[in-house]
Each structure stands twice: as C-alpha cells, then as structure tokens.
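Student: model this:
(one chain, ligands or ions: 1)
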Amino acid sequence: MILLTVVGLCTSALLADAYDAQPKLVVVLVFDQFRGDYLDRYRADFKAKNGFNLFLKQGAHFTDCYYDYANLVTAAGHSTIGTGAYTDGHQIPLNEWYEPGPDGKLRQVSSVADDRYKLVGAPAGTKDLTGASAHREMATTLGDELVLATGGRARVYGVSMKDRAAILTSGHATKGAFWIDHDTGTWLTSTYWMTQLPGWAAEFNASGRAEMARKESAVGEGGFYEKVGKSAASVSYQLDFAKALIVGEKLGQNPYGVTDMITISVSSTDINGHAFGPDDPSQRELIVQSDVLLDAFFTFLDKTIGLKNVMVAMTGDHGVATSQKAGDAMGMPVLDFPPKQFTQPLEAMLEAKYPLKGKDAYVLQMDNPYLLLNRQAFEAAGIAEEEAENTTKAMVEQIFAAFGNASDGAIGGREREPAAVTHIYTSKEMRDGRLPETQYGRLVAHSYSPNVGWALHINFGPYQFPWNGSGTTHFSANSYDRHVPLELFGAAFVPGTYHGVVAPVDIAATFASLLRINRPSAAVGRVLTEAMRSEGAGSSWAPGAPLHKTSVK
Ligand SMILES: [Zn+2]
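Tutor: Sure thing, here's the model as predicted:
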C-alpha cells in the first residue's frame, strides 16, 4: 500500500503540468430558461473568447438537444441534468406539490423543503427557517457518484439563486449547496450541510456585494430576486459567489488529486424571460451581457486551475414559449389565458355533481402541466381515484370544447384561436402505463411521479398556456419548451457543431464514462461518443488513471 502511494505521488508530481489523468474540475453550468436556439440566434453578438464561444468555437456544440419528457419545469429540469434521468426516474415532477403534513392535512411542499433541517445564514427576522435537502430526489447525481468513486475525496458543490437549482443538480453527497434569500440576496445554505456558513461565504455576504448589485441594476430595497434577478448584475452576483467558493474551498486543487465538481445555475434568464419573453430585446441584451461575464469567469478558471484541467457542460433546464405580445406582432396565434378560466367552472361542476363534505375544494391548483386534485376532498365525498380523475377529465374536455365556440378577440384581422386541450391523461392512466405508443405517450410516461397525487397531465395547443399576467412560461410537451443547448468543453471533446438529436440526460452519462465512474442510479442517457476524442496511443487525449488509484492510502 505504501509503495503504491509513493508511485502515485511520483506520477502525479511528474505530470503536474500536463493534463493529469482526470480533470481537476468538472463544471456543470445551467442557464435557467435558456432555449436551444439562443446560442445560434445571438451568435454574432458573442465577441469574447471564453464566453459562449468557449463552446461554440472551442467545444462541442449540439444544435438539437431536446428533453424527452413533458413537464418542463425548473426543479424537474435541474434534477434531470444532475441525475441523467427523467421524472419517472428521479421523482421530481414539479417545483412544488402537495403532501400530507404532520396534522394529516394536505399541504404544499417545495421539491427541496426538509423539516428536519434549518436554514443557515438567513437574515435576522426570517419567518420560515425550514431547511432544505435533496431528500425527495430519488436518484443519485453525477456528483454523488464522483464522491462515491473517490471514497468521499471529491468535493462537490451547487450554487444558484434558486434553492431547487442549487440542490437538485448537485445532489446528496455534496459538501455544500448555496442559494439566496429572495428579499435580500443573502447567500444561504441548510443544516443538512453545515451549521454555519464557511468563512468565505460569510465574508461575501458581509462585503456589500448585494448592495453593489442593486446599484448596478438601479433598483431599490427589497425583492432582490425579482428586481435584481432580471438584470446582468445578478449574473455577475452568482458567478462572483461561485468564484469565491472555488477560491475558498480550493476547488480543482483537491489534496488527493481527484476531480472536484461544481454545478452553477444562473437564474437571471428565467426571471427576465418570464417577465418579457424570449423575443424581447431585454432578453437578448441579458444573454449578450452574460457572454462577457462568462468570459471573465472562465478566464478566472484558466488562471487559477488552467482550462486544460477543466471540463464543462452547459445546458438549460427548459426552453420557453413565445409571449402573446410577441406572437401578435409576428402574426402567430399565441394565447395566454388565466388558469381560473377553466379551474373555476370545473370546481363548480365538480361540486354540483359531488356535494363537498367540508370546506376544501376539489381542485387544488393548475400547476402546469398538472391539474392537481384534492384527494382528501374526494375521499370525504366517498369518491375513488379512478372515478374522480375520469370525471374531472371529462369535465375539463367539456369546458374547453365550449371555448371553441367563443371568440377570444382578433388581432391584425386574424381571429385568436380558442384555448384547446390536445392531450389529457389521468394519474391512474399514467401509473398503469395506459399511454399510447407514440412520442407523446413516451414523453408523458417520463413525466410521471406518484408525487403528483391525484392529477391530470394536460397539454394545450401550440403556444397556448395557462398563465396570469403578461410575459410567458414553459412546461409543455411542445418542442419550444423541450429545446435547450448542450455544450461541452474540455480536453476529451472534439470541437465542432453536431446536428444529431441529443438530450440533457446524455451529460451525466458522458461525464460518468469519461471519469470512469458509475452512472447515476437512474440514468438513461447515451454517451456522446460522436464528440469524444479517441483515447490511447497516438491520441492527443490520454485516458486517465482510474480515480481509485489516487485514493489508495
Ligand atoms: Zn427554470
């Protein structure tokens, strides 16, 4: 054992300057609500060497990356990127859902809330100190498998303004996940990881950096997430925190010589995108500004760790629909409609058929793409799941059929198309596998988790979405919601543009293969061999010594 260690040390000392066996750092970079067409659409605007051009010019750029499921929401997307599995694997269907609370009554829970832990670093006066963890994510992540393969020596961290994006992408065996307090921008974690913030994180919070971001984006007090979050100031705020983490924890300089990993999810594109839509000049400006900020971030990595020692994957957690306003301007029938337009008549119809026993309602809420039903209210009325869901499904179809006779107004001489349901399935149908053997059936099968409870999965017409207010959203089985970038950078990849259809689940599969570790527990992705250098003699890319060698003690 001693001899092996000495040999190992000599080898790593000799090769310290070359690409040494394995990447020193894996970076999984997510832009929230970043549609797959953006990088090519704005390509001419990217001037920096190490911004998006790190992928477009120096990396492998995949033009046709589509999620193969039909619940395109943030928590599910980030879990899919981390685990290489869909909702039927990782069990995260939505950002929030309903579970019985301690009193037995249904309560809404977030995908990462965990009563057993408390928030760490929350500003004084924070009312809800409920902690968070990845305990509802029922699959391991790439980061988890890296930690396991190195006997706990690899250090894995997650960072995002959103808790679910920081936690679900990085996973369970992580050393830390950090996100912000929405009101103040203060960085937080949970006692799942630690009882106090690391010195570097406390310093970052005390440095006045949040106030600087407010000044940069010219907004006043409060509402940091909504106000600053729309601007490029919040992109640099997140990347600067990630830099502080990399410096503070010496990521990429692992004392055992194994690979470290960080997942970074930039929320800003989602916050601005919901407010103004993908075609608004502000979204283009935010992306172009992000290019410059990414250049600074990757140049920093080059100086500290060396880009030759870093492997990066970049993707998005979902795309987005064109807004109604932009659709109007382009002559494309786009329709947003308030969900209560159908949930209110639906509730009335249900209550007329099944008189309520108690104060609850039958419809909990439309949480796109799921219409969530109140199992407890139906059970109190003596109605079983199959009847409850089938009756509700028939009523929803009846309500939307009636919309077909009503005009939603005209724009530019064209009638707006009425809201239409194209596909609708009950929880029981999904659970029993009673779905058609079509692409759509497969997408829905990949979207189901028992966590949705009694529910209906609903897809609407193209560019039709239940939504309150202006702006737009994402969730559907339609291509524009499923299309995201897939970009790879690093010594193992052959630079170029690839037009084959790939999926975000391929990231975990590809990196697990390169690192010579097990795939995450529920991974279904494909190794992207078309973009990988051949290994061995005569190749500029040498496969690494297996990770376990460096962990012999
Ligand atoms: Zn998102």
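Student: quick one: terminal-to-terminal distance for stretch 466-484?
Tutor: 22 Å (CA to CA, to the nearest Å).
Student: Pull the contacting residues for Glu417.
Tutor: By CB atoms under 8 Å, 6 or more residues apart in numbering, the residues touching Glu417 are 333, 335, 408, 461, 464. C-beta: built from backbone N, CA, C; applies to glycine.
Student: mind redoing it with 10 Å?
Tutor: 333-335, 403-404, 408, 461-464 (CB atoms under 10 Å, 6 or more residues apart in numbering).
Student: And the helices in the stretch 251-400 of the chain, which stretches?
Tutor: 268-276, 281-304, 324-330, 340-353, 375-380, 385-403 (DSSP state H, counting those that start in this stretch).
Student: Tell me which of those is the most buried.
Tutor: helix 268-276 (a mean of 23; mean count of other CB atoms under 10 Å).
Student: In this structure Gly82 contacts Leu146, no?
Tutor: No: applying CB atoms under 10 Å as the test, Gly82 and Leu146 come out as separate, 11.4 Å apart.
Student: Can you pull the residues that touch both of the two?
Tutor: In contact with both Gly82 and Leu146: 171, 520, using CB under 10 Å, 6+ apart.
Student: hang on, the earlier thing: between the helices of the stretch 251-400 of the chain, which one is nearest to the ion?
Tutor: Taking CB to the ion, helix 268-276 is the member of the helices of the stretch 251-400 of the chain nearest to the ion, at 4.6 Å.
Student: Remind me what the closest one packs against, helices and strands.
Tutor: Judged by 3 or more CB pairs under 10 Å, 6 or more residues apart in numbering; DSSP states H and E, helix 268-276 is in contact with strand 25-31, helix 224-227, helix 232-248, helix 281-304.
Student: Not counting sequence-adjacent ones, nearest residue to Tyr256?
Tutor: Arg153 (4.2 Å; CB to CB, 6 or more residues apart in numbering).
Student: rewinding a little: nearest to Pro345 among the helices and strands packed on helix 268-276 would be which one?
Tutor: With CB to CB as the measure, helix 224-227 is the member of these nearest Pro345 (31.4 Å).
Student: Which pLDDT does the model give whichever residue of the chain sits closest to the ion?
Tutor: Using CB to the ion, the single residue of the chain nearest to the ion is Thr74, 3.1 Å away. On pLDDT, Thr74 comes in at 98.
Student: ok, now Phe403?
Tutor: So, for Phe403, pLDDT stands at 88.
Student: Hmm, Ala113 is touching Ala132, no?
Tutor: Yes: judged on CB under 10 Å, Ala113 makes contact with Ala132 at a distance of 6.0 Å.
Student: Compare neighbour counts for the two and give me the winner.
Tutor: Ala132 (25 against 20; other CB atoms under 10 Å).
Student: Tell me the bridge partners for Leu25.
Tutor: Beta-bridge partners of Leu25, counted by DSSP bridges, are Asp260, Val310.
Student: residues from the stretch 251-400 of the chain in reach of the ion?
Tutor: Residues of the stretch 251-400 of the chain lying close to the ion (CB under 5 Å from the ion) are 270, 317.
Student: now the stretch 251-400 of the chain, which segments are flagged as low pLDDT?
Tutor: Residues of the stretch 251-400 of the chain meeting the criterion pLDDT under 70: none.
Student: for the stretch 101-250 of the chain, what spans make up the strands?
Tutor: With DSSP state E, counting those that start in this stretch, the ranges of strands along the stretch 101-250 of the chain come out as 106-110, 113-120, 130-132, 156-160, 176-180, 187-190.
Student: JSON lines for those, including distance to Tyr425 and mean pLDDT?
Tutor: What follows is the strands of the stretch 101-250 of the chain, written out as JSON lines (distance: least, CB to CB, whole Å; pLDDT from 0 to 100):
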{"stretch": "strand 106-110", "distance to Tyr425": "22", "mean pLDDT": "96"}
{"stretch": "strand 113-120", "distance to Tyr425": "27", "mean pLDDT": "98"}
{"stretch": "strand 130-132", "distance to Tyr425": "31", "mean pLDDT": "98"}
{"stretch": "strand 156-160", "distance to Tyr425": "31", "mean pLDDT": "99"}
{"stretch": "strand 176-180", "distance to Tyr425": "33", "mean pLDDT": "99"}
{"stretch": "strand 187-190", "distance to Tyr425": "35", "mean pLDDT": "98"}
